[in-house]
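**Student:** Below are the sequence and a predicted model; questions follow.
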Amino acid sequence: MREINMGVSIGGVEFQNPILVASGTYGYGSEAKDYCDISGLGGIVTKSVSWKPRPGNYPRRIVETASGMLNSIGLANVGVHAFVDEKLPYLENFNTKIIANIAASSTEEYCNVLRHIEENASKNLVGYEINVSCPNVKDGGLSFGTNVARVEELTKALRPLTKKLLIIKLTPNVTSVAPFAAACEASGADAISLINTVLGMSVDIHTRMPRISTVTGGLSGPAIKPIALAKVYEARKACTIPIIGIGGITSASDVMEFLIVGASLVQIGTANFINPNIGNQIFSELRNLLIDKGIVNIQDVVATLKVADQMKALGW
Amino acid sequence: MQDTIRSQIQRSKVLGRREIARGLVVLKFQNSFVAEKAAPGQFVNVLPKIDFSDPFLRRPFSVYNTSGDSAEIIIQDHGRGTAILAATGIGEHLDILGPLGNPWKYNETTFETAILVIGGAGVASMPLLAKQLEKDNKLYAVYYGARNKSLFADEYLRKIEYSTDDGSKGFHGSVIENVRKDLNVGKYSKPKIFVCGPTGMMRSAILLANEFRIPCEVSLETEMACGIGICQGCPVETSIGEAESTGRKFHLVCTQGPSFAKEQIVL
């Protein structure tokens, strides 16, 4: 059998495979360890961390919807000091890459959090994912992510603070994601990741109350995969930096779809809630899929979407 | 390393299915891990479908009973997921994650008599607790309330003081009033209430415990995704905790509960 190269390199960082777990769906690693060989993953993106601990939103925080779920957790997290002192050291025990996801309500706070992690950085920490796309907090989050100028300003402010990967996590809750992708590249980001959750809502017709305390929440799960693929494809045409595809992945064929439309890496999100070992299962499944198709290098799949010539001629 | 694993995911064959009260179906499944490890009050998180098709989130159920290498859960039809699970046939397989959460705190020395207070389908976590108390030679009493007599799932419980809203069985009125009546006459020495049922009924149980200055532990049921502390989707507001700028703090029902001392939470 020929050796299959599952490795992917972005911004000079070698990932052993393209399968990462998404922020907020894997805690800080310790919660999943009984169910999963963490070292088999390409990487872990940790739960969003802010300067101070955040208690999160009042219940109800989650509701299942058709092939998906709405959440409004509200960035509940331990704060950057506990993150650095207690959570990061634990992740040193595993042979996988760590990306710290940062959420904040001002450019200054984003910078302070990144600086604090950078000063106390561990060897497995290879980069930062900047969450400008949380739909469930009143301050920050989407107010950054839906404004090209603010994304640009933030990326420029963060870039000089680290030589590690700087990844901006984009929201689908914009008319067009292309200008955001272009702005991230122009401002020095190493990569972009998309999509964060899609703004959604669910109503109890008996009480006429929203099923989520904050009225709207973020939709995730298989329901959003088509939206995610379209956004990744749009972003792929708008920038040349690597893309990390996220949205409703539950199988190796889902991963292949994201790679084909232009993602170099993927993140598995909501599926971890059902099976914390799904990342490793998808890895094995993906490897077998590549063998079946005679593909020896996973990177050969990236951005290979074939659009019919007559459709290209029509501008598609 | 093996003995430190407290829960795991296991495909489990359904061995039995029976309706024990109106709208309550018991599924018995083969799962030696859960059967051996589950303590009274713990739960399992069960997938309605095993292929990520809709609906795809797990549903939490108290471990209702264990024997040999099998365990049981009670399913009450709440919607699409529970309807699918309740219709699972003998010989089919369930994907079960568990046991999860913390046990009832039944081995404290702060009480002499355990008063198990049950509302409707809240019965699910009680048989294992009663069994444990018997094993430990602890005194206990059971108060079980429901809307009417067709709703009691009492097959594994003894010494039950029944109450119904419509008077069709036992005391005519609420289970809480039934307990109060006996507390008033000092029937029990150093009692502690263990309660599970609808939220309003558990609130009343807490007020009753406060009135009589006795300990009370409540077992909560919330919507839940992962069941293992990752998704942060099952918070309950806590009444104690460090000062917080926003003035709120939460416990997670899955990993810090599902049962809490009344002082720990705001219901």
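**Tutor:** Received, thanks.
**Student:** Flag every residue of chain B that's near chain A.
**Tutor:** Residues of chain B lying close to chain A by C-beta under 8 Å from any C-beta of the partner chain are B:5-9, B:47, B:52-58, B:81, B:97, B:222-226, B:228-237, B:244-246, B:248-250, B:255. Glycine gets a C-beta too; all of them are placed from N, C-alpha and C.
**Student:** Of these, grab the buried ones for PyMOL.
**Tutor:** Remark: buried members of the residues of chain B next to chain A, expressed as a PyMOL selection using 16 or more other C-beta atoms under 10 Å in any protein chain shown:
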select buried, chain B and resi 7+9+47+52+54+55+56+57+58+81+97+222+223+224+225+226+228+229+230+231+232+233+234+235+236+248+249+250+255
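**Student:** Take the residues of chain B next to chain A and keep only those in strands.
**Tutor:** Under the assignment DSSP state E, the residues of chain B next to chain A contribute B:Q8, B:I9, B:L47, B:L97, B:P235, B:V236, B:E237, B:F250 to strands.
**Student:** give me the beta-bridge partners of the fourth one?
**Tutor:** What that stands for is B:L97. Here B:L97 sits in beta bridges with B:I9, B:N45, going by DSSP bridges.
**Student:** Now do the contacts for it.
**Tutor:** Counting by C-beta atoms under 8 Å, 6 or more residues apart in numbering or on different chains, B:L97 makes contact with A:Y35, B:S7, B:Q8, B:I9, B:V44, B:N45, B:V46, B:R58, B:G227, B:I228.
**Student:** Could you single out the nearest of the residues you listed to A:M311?
**Tutor:** Of all the contacts of B:L97, A:M311 sits closest to B:R58, with 41.7 Å by C-beta to C-beta.
**Student:** quick one: the closest one and A:P276 touch, right?
**Tutor:** No - between B:R58 and A:P276 there is no contact, the gap being 11.3 Å when judged by C-beta atoms under 8 Å.
**Student:** who touches both of the two?
**Tutor:** B:C226.
**Student:** how deep is the nearest residue to B:E161 once chain neighbours are set aside tucked in, by neighbour count?
**Tutor:** Leaving out its chain neighbours, the residue that sits closest to B:E161 by C-beta to C-beta, 6 or more residues apart in numbering or on different chains is B:Y143, at 4.8 Å. Neighbours of B:Y143 under the rule other C-beta atoms under 10 Å in any protein chain shown: 25.
**Student:** What helix or strand is B:Y143 located in?
**Tutor:** strand B:139-146 (DSSP states H and E).
**Student:** for chain A, which spans come out with low pLDDT?
**Tutor:** Residue ranges of chain A with pLDDT under 70: A:1-2, A:140.
**Student:** Recalculate using a threshold of 50.
**Tutor:** Counting by pLDDT under 50, chain A shows no low-confidence range.
**Student:** For chain B, what is the nearest residue in it?
**Tutor:** In chain A, no residue comes nearer to chain B than A:I62, which is 3.7 Å away by C-beta to the nearest C-beta.
**Student:** Tell me which residues touch the residue lying closest to that residue once chain neighbours are set aside, please.
**Tutor:** The shortest distance from A:I62 to any non-neighbouring residue, by C-beta to C-beta, 6+ apart, is to B:G233 (3.7 Å). With contact set as C-beta under 8 Å, 6+ apart, B:G233 has these partners: A:R61, A:I62, A:N71, A:I73, B:E223, B:M224, B:A225, B:C226.
**Student:** how does it look with 7 Å?
**Tutor:** Contacts of B:G233 were listed using C-beta atoms under 7 Å, 6 or more residues apart in numbering or on different chains, and they are A:R61, A:I62, A:N71, A:I73, B:E223, B:M224, B:A225.
**Student:** What is the nearest of these to B:N102?
**Tutor:** B:M224 (14.4 Å).
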